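>>> Turn this into a model:
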Amino acid sequence: RVRRLAVAGAAVATIMSVGVATSGSAVAATTRPAVRQGPAGRAFYNPPKTLPKGAHGKLIWARRTPAPKGAVAWKLLYKSKVVSGKTVAVSGLVIAPKGKAPKRGRPVVAWAHGTLGGARSCAPSIPNNPARNLRDYYTYNAPDFIDVGVPALTTFLKAGYVVTATDYEGLGGPGVHQYTIGRTEANNVVDSVKAATQLPGVDPGKRVVTLGWSQGGGAAIFTGQQAEDGYAKPFRVIGIAALAPAANNGPDIEGKVPLGPIDSTSPYVLGVQELNVIRGTAAAYPGLNPSDLITPAGMPAFKALNVECTVHLQDVLQELGVVPGTFFKRPLPVAWQQRFNQNTVGLQTTVAPELTMQGTADTVVNPNGTNQYIQRACQFKQPIEYTIYPGVNHQVIPFAAMNEYVPWIKARFAGKPAPSNCSSR
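As a prediction, the model looks like this:
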């Protein structure tokens, strides 16, 4: 799904005057500083040597990009923090309806995308016109080599919502992508919303619903788990919608989950996923050595994640006829398993109701792992609605479940009580 894209060299950005904010939103200032315009092309993703002063969520620069009719869209580079507390530059998108915002600002849907890979070139904001509805990759009319866009984007815009879409640290911007590291991904999601407040005409309010798929499903849940620690203030997460979430890292990698659906590609898909988890975990916790888990046979594929994205690497492994099972060492060292467990959701409560949607034919995220996550999460007090979609696979779930999560999100912004079927499980 991914095209290899070389990152262009840094370019000098210009200052673009965007005028004075006139919205009365709760988080917009009476006046707003001019937005620094980022360079064109791949140089956009190379931050200046010195980042601007300010807290996490501070906008570094932005650039307009084509948007759906009646909307405005920006690529942006902004400050965020990884799990260690280090400040990094993260890229993403903000899309908003045109016109005057409500007095308290627009509702915000914070989109967290699914697994695309580990290389900088895997960022979904890089392709042309990234501010669009997500298309099913496995069709005859998908123009890109990765999943680009946000599901139901135009529906959200017509409803008056701002949509933010982080690329995550290390995708687009510099650094090694901390894949499935909950704190890092949650910070990146939150800071995409904070950065949106600094763009003209966007005017997000304080209420946020996170929506995520696969890797992003886990990120959406982690954002809800960690929103109570003050990092998200003044924003408030009021709902979490997770599509086939990467929610069960610890038990999955330890082999404590019954086997789920598989097909001929499963060894390559799951092998690349595990390599990416190891890579991201080692980046987040420098005391860990990937060679503790990866054999010499697996090292070439591990290093390929620096330049290739998920489906590309899967295709390479399949074409070369390698056996991904030979890549990994067992048993797992205790230090590694502890980190995998720390980045498993459902071990603490969220601050908001949740909707989780899982297909039974999913060969990427094991439905049995999602069931385990729901059992953990239902021990807490927040309402959780868990919907199982018979016969639906991983790629189709964002489309098959759209008629559920769109009205569910609308109901959260309307302040309606959230449904829960935890008691029936």
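
>>> Specify the local secondary structure of Gln273.
Going by DSSP: H, G, I helix; E, B strand; the rest coil, the secondary structure assigned to Gln273 is helix.

>>> quick one: contacts for it?
The contact partners of Gln273, taken as C-beta atoms under 8 Å, 6 or more residues apart in numbering, are 115, 310, 364. For glycine as for every other residue, the C-beta is placed from the backbone atoms N, C-alpha and C.

>>> low pLDDT regions in the stretch 151-300 of the chain?
Judged by pLDDT under 70, the stretch 151-300 of the chain has its weakly predicted residues at 228.

>>> Then Leu76 would be within a strand, right?
Yes. According to three-state DSSP, Leu76 belongs to a strand.

>>> Got the phi and psi for the closest residue to it other than its chain neighbours?
In space, and not counting its chain neighbours, Leu76 is closest to Ala62: 4.3 Å by C-beta to C-beta, 6 or more residues apart in numbering. Main-chain torsions, Ala62, degrees, to the nearest 10: phi -150, psi 170.

>>> how near is Ala62 to Pro174?
18 Å (C-beta to C-beta, to the nearest Å).

>>> in this structure, which residue is closest to the centre?
Ala112 (2.8 Å; C-alpha atoms, centre = their mean).

>>> rewinding a little: compare Ala62 and Pro174 (neighbour count), which wins?
Ala62 (26 against 15; other C-beta atoms under 10 Å).

>>> Let me see the ranges of the helices in the stretch 201-350 of the chain.
Secondary structure of the stretch 201-350 of the chain (DSSP state H, counting those that start in this stretch): helices located at 215-226, 249-254, 266-284, 299-304, 310-320, 334-342.

>>> could you check the angle helix 266-284 makes with the first one?
So the one you mean is helix 215-226. 40 degrees (axes from the mean of the first three to the mean of the last three C-alpha atoms, to 10 degrees).

>>> packing partners for helix 215-226?
strand 106-112, helix 182-196, strand 204-213, strand 236-243, strand 354-359 (3 or more C-beta pairs under 8 Å, 6 or more residues apart in numbering; DSSP states H and E).

>>> Please tell me how far it is from the chain's geometric centre.
8 Å (C-alpha atoms, centre = their mean, to the nearest Å).

>>> go on, the third one?
Taking C-alpha atoms, centre = their mean, one finds helix 266-284 lying 16 Å from the centre of the chain it belongs to.

>>> Check the fourth one too.
Centroid separation between helix 299-304 and its chain, computed with C-alpha atoms, centre = their mean, is 24 Å.

>>> For it, which residues meet the burial criterion?
301-302, 304 (16 or more other C-beta atoms under 10 Å).

>>> May I have it as CSV, with CA atoms only?
The C-alpha trace of helix 299-304 is given here as CSV (Å, rounded to 0.1, in the frame of the first residue of the first chain):
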residue,chain,number,x,y,z
MET,A,299,17.3,-8.3,10.9
PRO,A,300,17.1,-7.4,7.1
ALA,A,301,13.3,-7.2,7.3
PHE,A,302,13.5,-5.2,10.6
LYS,A,303,15.9,-2.6,9.0
ALA,A,304,13.6,-2.5,5.9
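
>>> Distance to Glu404 and pLDDT for the buried residues of helix 299-304 - can I get that in CSV?
Output for the buried residues of helix 299-304, formatted as CSV (distance: C-beta to C-beta, whole Å; pLDDT from 0 to 100):
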residue, distance to Glu404, pLDDT
Ala301, 37, 98
Phe302, 38, 98
Ala304, 37, 98
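
>>> Throw those residues into a markdown table and include distance to Lys256, thanks.
What follows is those, written out as a markdown table (distance: C-beta to C-beta, whole Å):
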| residue | distance to Lys256 |
| --- | --- |
| Ala301 | 25 |
| Phe302 | 24 |
| Ala304 | 28 |
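
>>> Closest to Val88 out of those residues?
Distance to Val88, by C-beta to C-beta, is smallest for Phe302 among the buried residues of helix 299-304, at 22.1 Å.

>>> Verify the stated contact: that closest one with Arg279.
Yes. Phe302 is within contact range of Arg279, at 6.5 Å (criterion: C-beta atoms under 8 Å).

>>> mind listing what the residue nearest to Leu76 touches?
35-38, 74-77, 94, 199 are the contacts of Ala62 under C-beta under 8 Å, 6+ apart.
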